[in-house]
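Trainee: Quick one, what's the 3D model for this:
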Amino acid sequence: MNKFIILQTVSPSYRNKFFDYLSSILKDDFDLYSGEYYFEKSVTSDLSYPKRKKITNFFFLNRKFLFQFGMWSIILRKNTLVLEMNPRIISNWIILLIRKILNRKTVLWGHAWPRAGENSYSDKIRHLMRLMGTIIIVYTKTQQKELKEKMPNKKIYFASNSLYRVDEMKTNDSNSSINNMIYVGRLTANKKPLLFIKSFHKIYNKLPKNIKLSMIGDGPEKQEILQYIKQNNLQSSVEILGHIDDYEILKELYFSSLFSVSPGYVGLSVTQSFGFGVPMIVSKHENHSPEIEAVKEGENAIYFQTDNIESLSEKIHYMYEFKDKWINKRKNIVEDCQTNYSIEVMGLPFIEVYNKN
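Mentor: Predicted coordinates:
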């Protein structure tokens, strides 16, 4: 039997719906293998996910590199194997080499370019990895186009990072119940959650009363954030809710939010926000993740000047000043997200690769 196997460093809970979708289409031909922790320890697998087959991650040189164990029995078989396109996973180089010699189909899934950009030295190493893969799946149409120019003879697909099925994307447009603002993401320095709270604090007295700032996530910045909230008597207006992956709870939090904020670089939370019709305030000059492609300034988002508390404060005030305008856009924001960033759309290239076995 020719299986479709995905091998990951970790399989976080936010990926469960995507893997469920693939499993519903591919049935017993689908397998998922992953370790427990990512390079960043705050990113972990959902250990309760029943479709996950456990493997061991061995990190070395201060967690800069990774070697995986526990999946080598699948390497030689005539399966379609999907690997992370990450040169720091040393075991993937060995797998690629073996499977290339044996003429096995191996798919590389990940960012087209390293964080340093396509002209960086590290991309020369990544390019060697790309050459060894049979097929490449990147995260955005833009990345697909750019990479195709560099590798015109390589089969390259794009699968937009998505969190929800089409039928889960819905919104609330009742003006009276939409008063709050929300942040969803890890509480880490490069996500800059404290910048959001400081900007909110600066404009607090000019905002409508009885609004809440909800922060969903966990991480090393949490204690500093809690200390700032306490020192500035913001306990009644700012709630730190920790990591939440329950769809119904998140839906209610987004339904009551006028907008979300990405104070640092944009990640997957942008399509989550748009999936509930909630526009986002985005930091303008960041080294954003590929999901920035979803942002349409003036339609589903506005920008503030990076690291500028005054600028973010002004944009927060602006969103409340033009509340009706943004509430009226919520339905269109959802529909655009359904068209471009659903689990079903994300799954299409994977299903196509499988069907071409």
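
Trainee: What residues sit buried inside stretch 56-76?
Mentor: Neighbour-count burial for stretch 56-76 flags Asn57, Phe59, Leu66, Gln68, Met71, Ile74, Ile75 (criterion: 16 or more other C-beta atoms under 10 Å). No exception for glycine: its C-beta is placed from N, CA and C like everyone else's.

Trainee: can you tell me which of those residues are in strands?
Mentor: Secondary structure assignment by DSSP state E places Asn57, Phe59, Leu66, Gln68 of the buried residues of stretch 56-76 in strands.

Trainee: ok, the last one to Pro87 distance?
Mentor: Per C-beta to C-beta, to the nearest Å, Gln68 is found 14 Å from Pro87.

Trainee: Arg104 now?
Mentor: If you measure Arg104 against Pro87 using C-beta to C-beta, the figure is 20 Å.

Trainee: and if you look at Tyr247?
Mentor: Distance from Tyr247 to Pro87, counting by C-beta to C-beta: 34 Å.

Trainee: More neighbours: these two, which one.
Mentor: More crowded of Tyr247 and Pro87, by other C-beta atoms under 10 Å: Pro87, with 20 against 12.

Trainee: Quickly find the element holding the more buried one.
Mentor: Using DSSP states H and E, Pro87 is not contained in any helix or strand.

Trainee: So it sits against Ile125, correct?
Mentor: Yes. In this structure, Pro87 sits in contact with Ile125. The criterion is C-beta atoms under 8 Å, and the distance is 4.9 Å.

Trainee: Next, format the buried residues of stretch 56-76 as a markdown table and append distance to Gln223.
Mentor: Converted to a markdown table, the buried residues of stretch 56-76 look like this (distance: C-beta to C-beta, whole Å):
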| residue | distance to Gln223 |
| --- | --- |
| Asn57 | 27 |
| Phe59 | 25 |
| Leu66 | 29 |
| Gln68 | 33 |
| Met71 | 37 |
| Ile74 | 42 |
| Ile75 | 43 |
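
Trainee: isn't Arg130 right next to Pro87, touching?
Mentor: No. Between Arg130 and Pro87 no contact is recorded; they are 9.7 Å apart, counting by C-beta under 8 Å.

Trainee: Give me the nearest residue to the residue most central in space within the chain, chain neighbours excluded.
Mentor: Of all residues in the chain, the one closest to the mean position by C-alpha atoms, centre = their mean is Leu268, 2.7 Å from it. Distances taken as C-beta to C-beta, 6 or more residues apart in numbering place Asn161 nearest to Leu268, at 5.4 Å, with adjacent residues excluded.

Trainee: Run a quick check on that neighbour versus Tyr341, I expect a contact.
Mentor: Yes. Asn161 lies in contact with Tyr341 (C-beta under 8 Å); the separation is 7.5 Å.

Trainee: domain parsing for this protein?
Mentor: The chain breaks down into these domains under automatic domain parsing: 4-162+342-355, 166-340.

Trainee: average pLDDT for the last one?
Mentor: Domain 166-340 shows a mean pLDDT of 95.

Trainee: Quick check: end-to-end length of that domain?
Mentor: As for domain 166-340, its first-to-last residue distance stands at 10 Å under the measure C-alpha to C-alpha, to the nearest Å.

Trainee: Tell me which residues touch the closest residue to Ile292 other than its chain neighbours, please.
Mentor: If the residues on either side of it in the chain are set aside, Ile292 comes closest to Val266, at 4.8 Å by C-beta to C-beta, 6+ apart. The contact partners of Val266, by C-beta atoms under 8 Å, 6 or more residues apart in numbering, come to Met280, Val282, Ser283, Glu286, His288, Ser289, Glu291, Ile292, Val295.

Trainee: From Leu108, how far off is the fourth one?
Mentor: This points to Glu286. As it turns out, when the distance is counted by C-beta to C-beta, Glu286 lies 26 Å from Leu108.

Trainee: what about the two, which has more around it?
Mentor: Relative neighbour count places Leu108 above the other of Glu286 and Leu108, with 25 against 17, counting by other C-beta under 10 Å.

Trainee: you'd agree the more buried one is in a helix?
Mentor: No. Following the definition DSSP: H, G, I helix; E, B strand; the rest coil, Leu108 is strand and is not counted among the residues of a helix.
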